[in-house]
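Trainee: With the sequence up front, the predicted model follows.
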Amino acid sequence: MFGRDCWWGRCSFCSWTTLYPGKCYRTVKPQKALDEIGWLIEKYQIKEIMDDSGTFPIGPWLQEFCQGMIKRGYHKKIKLNCNLRFNSGLNQKDYQLMAQAGFRLILYGLESANQKTLDKLNKNLKINMIEKNLAWAKKAGLNPHLTVMVGYPWETKQDILKTLNFVRKLFKKDLVDSLQATLVIPYPGTPLFTKAKKNGWLKTEDWDKYDMRQSVLKTPLTDEE
């Protein structure tokens, strides 16, 4: 809604589908985004919005947007949810401002607790960044939501258990509120699909099976596991 990748004009969604880091993007002005939210409130009485861009804009954009939400009184009328990255550079003060502006759920793409996988996905993320950002979000009163994926061709059962145990620890520490787990699917047209085909990782090219109900990649684990 507020950010768009400039590579072929495609939205900058989860980089695991393309292995593309999404360095270049453009946004509308904060005032334009606020006007859109006001229109949704007034015309349709919308109570909650999920901005599913690859990551919500940060820096001065975020500050101006949050301050505008508060100044216009929208923070009392609507709740906002968005995607963020652990390495966004936000601090406790930023998260606090987001909470004051009406943000509720923050979705983080963890994907794996194995550094080798994060590096392969160009996440530009170190494991030690995770707990600190979650703690800031929770302290501000926000609800962190994690996404993780299983079925990477290079991950062993021990790698998957490492991710499972890491997420379990985050729940026990009350650093996250919810979890979304999915299977890795290499969509046609992406570098991941090209690599999978080149390396003989594909089980099938029946596109009806590329809907996340089953694994289409060969991995060290059986389908049952």
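Mentor: Here it is on my side, so go on. Just so it is clear, the structure is predicted and the values come from calculations on it, not from any experiment. Residues are numbered from 1 along each chain as shown.
Trainee: So which residues of this protein form helices?
Mentor: Here the chain has its helices, by DSSP state H, at 30-44, 59-72, 92-100, 115-120, 130-139, 157-172, 191-199.
Trainee: who's in contact with the longest one?
Mentor: Outside of helix 157-172, the residues within contact range by Cβ atoms under 8 Å, 6 or more residues apart in numbering are 110, 112-114, 117, 130-131, 134, 146, 148, 150, 152, 176, 179, 220-221, 225. C-beta: built from backbone N, CA, C; applies to glycine.
Trainee: and if we set it to 7 Å?
Mentor: Defining contact as Cβ atoms under 7 Å, 6 or more residues apart in numbering, one finds that helix 157-172 is touched by 112-114, 134, 146, 148, 150, 176, 179, 220-221, 225.
Trainee: In that helix, which residues are buried?
Mentor: 159-160, 162-163, 166-167, 170 (16 or more other Cβ atoms under 10 Å).
Trainee: again, but for the fifth one
Mentor: Across helix 130-139, burial judged by 16+ other Cβ under 10 Å covers 130, 133-138.
Trainee: how about low-confidence regions in this structure?
Mentor: 1-25 (pLDDT under 70).
Trainee: Look at E64 and say how many residues are nearby.
Mentor: Residues contacting E64 under the criterion other Cβ atoms under 10 Å number 16.
Trainee: Might one say that it is in contact with Q31?
Mentor: No. Using Cβ atoms under 7 Å as the test, E64 is too far from Q31 to be in contact (8.1 Å).
Trainee: Redo the helices of the chain as a markdown table? Include distance to I185.
Mentor: Compiled in a markdown table, the helices of the chain are given as follows (distance: least, Cβ to Cβ, whole Å):
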| stretch | distance to I185 |
| --- | --- |
| helix 30-44 | 31 |
| helix 59-72 | 31 |
| helix 92-100 | 31 |
| helix 115-120 | 16 |
| helix 130-139 | 24 |
| helix 157-172 | 16 |
| helix 191-199 | 9 |
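Trainee: I'd like to know which of these is closest to L183.
Mentor: The closest of the helices of the chain to L183 is helix 157-172. By Cβ to Cβ, the value is 11.5 Å.
Trainee: partner residues bridging the most centrally placed residue in the chain?
Mentor: The residue lying closest to the centre of the chain (Cα atoms, centre = their mean) is G109, at 3.7 Å. Applying DSSP bridges to G109 yields these beta-bridge partners: T147.
Trainee: separation between the residue lying closest to W207 once chain neighbours are set aside and D208?
Mentor: Closest residue to W207 apart from its sequence neighbours, by Cβ to Cβ, 6 or more residues apart in numbering: P188 at 7.4 Å. P188 is 13 Å from D208, where distance means Cβ to Cβ, to the nearest Å.
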